[in-house]
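Student: okay, here's the prediction I keep looking at, along with the sequence it came from:
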Amino acid sequence: MRAHRSFAVAALVAANALAHAALAQQPGVTRNDLQRHDLSVPGREAIQTIVSIAPGVTAPRHSHPGEEIIYVLEGVVEYQLDGQPPVTLKVGDVLFIPAGVVHSAKNVGSGNGAELATYIVEKGKPLLTLAK
């Protein structure tokens, strides 16, 4: 039983790493994980990451198993959330993306675009799932 549980945990960690890698391998998109902590809410964790997007690059459509709170650090980034019109944000602007909403981000500026992404997500699930 213990070996089976260890395998399940290892599989979840590997799935999370693969999803993270899929987005990070997108040419022109880099991620710098800053911190990850359990929350006082059982089964939830907070993750903070800096996501950088090169000019003209679009991060692929994806979703998260929880909320994403965005603060634009650099450049001009257009966010497309399914079912909503695109929104263009500049340095200092913020955006809230509800759990499970499929979205993408495109750097529409002439320089680098970067965001501080804070995720409040279900622990043990992949941080992101690429949309089909």
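Tutor: Noted; the coordinates are in hand. What you are looking at is a predicted structure, and each value in this text was computed from that prediction instead of being measured. Numbers count the residues shown, from 1 in each chain.

Student: distance of residue 87 from residue 46?
Tutor: To residue 46, residue 87 is 24 Å away according to Cβ to Cβ, to the nearest Å. (Glycine included, C-beta is placed from N, CA and C.)

Student: more neighbours, the two?
Tutor: Neighbours per residue, other Cβ atoms under 10 Å: of residue 87 and residue 46, the larger number sits with residue 46, 17 against 12.

Student: quickly list what the more buried one is bridged to.
Tutor: residue 37, residue 120 (DSSP bridges).

Student: quick one: low-confidence parts of the protein?
Tutor: Scanning the chain for pLDDT under 70 picks out the ranges 1-25.

Student: for the nearest residue to residue 81 once chain neighbours are set aside, what are its contacts?
Tutor: Closest residue to residue 81 apart from its sequence neighbours, by Cβ to Cβ, 6 or more residues apart in numbering: residue 103 at 4.5 Å. Contact analysis of residue 103 by Cβ atoms under 8 Å, 6 or more residues apart in numbering lists 61-63, 79-82, 97.

Student: repeat that for residue 70.
Tutor: 79, 89, 94-97, 115-118.

Student: now swap in residue 48 and tell me
Tutor: Taking Cβ under 8 Å, 6+ apart, one finds 33-36, 116-119 in contact with residue 48.

Student: please report how far it lies from residue 77.
Tutor: Residue 48 is 17 Å from residue 77, by Cβ to Cβ.

Student: again with residue 106
Tutor: Taking Cβ to Cβ, one finds residue 106 at 7 Å from residue 77.

Student: where do the contact lists of those two overlap?
Tutor: residue 53.

Student: in terms of neighbours, single out the busier of these two.
Tutor: More crowded of residue 106 and residue 77, by other Cβ under 10 Å: residue 77, with 26 against 19.
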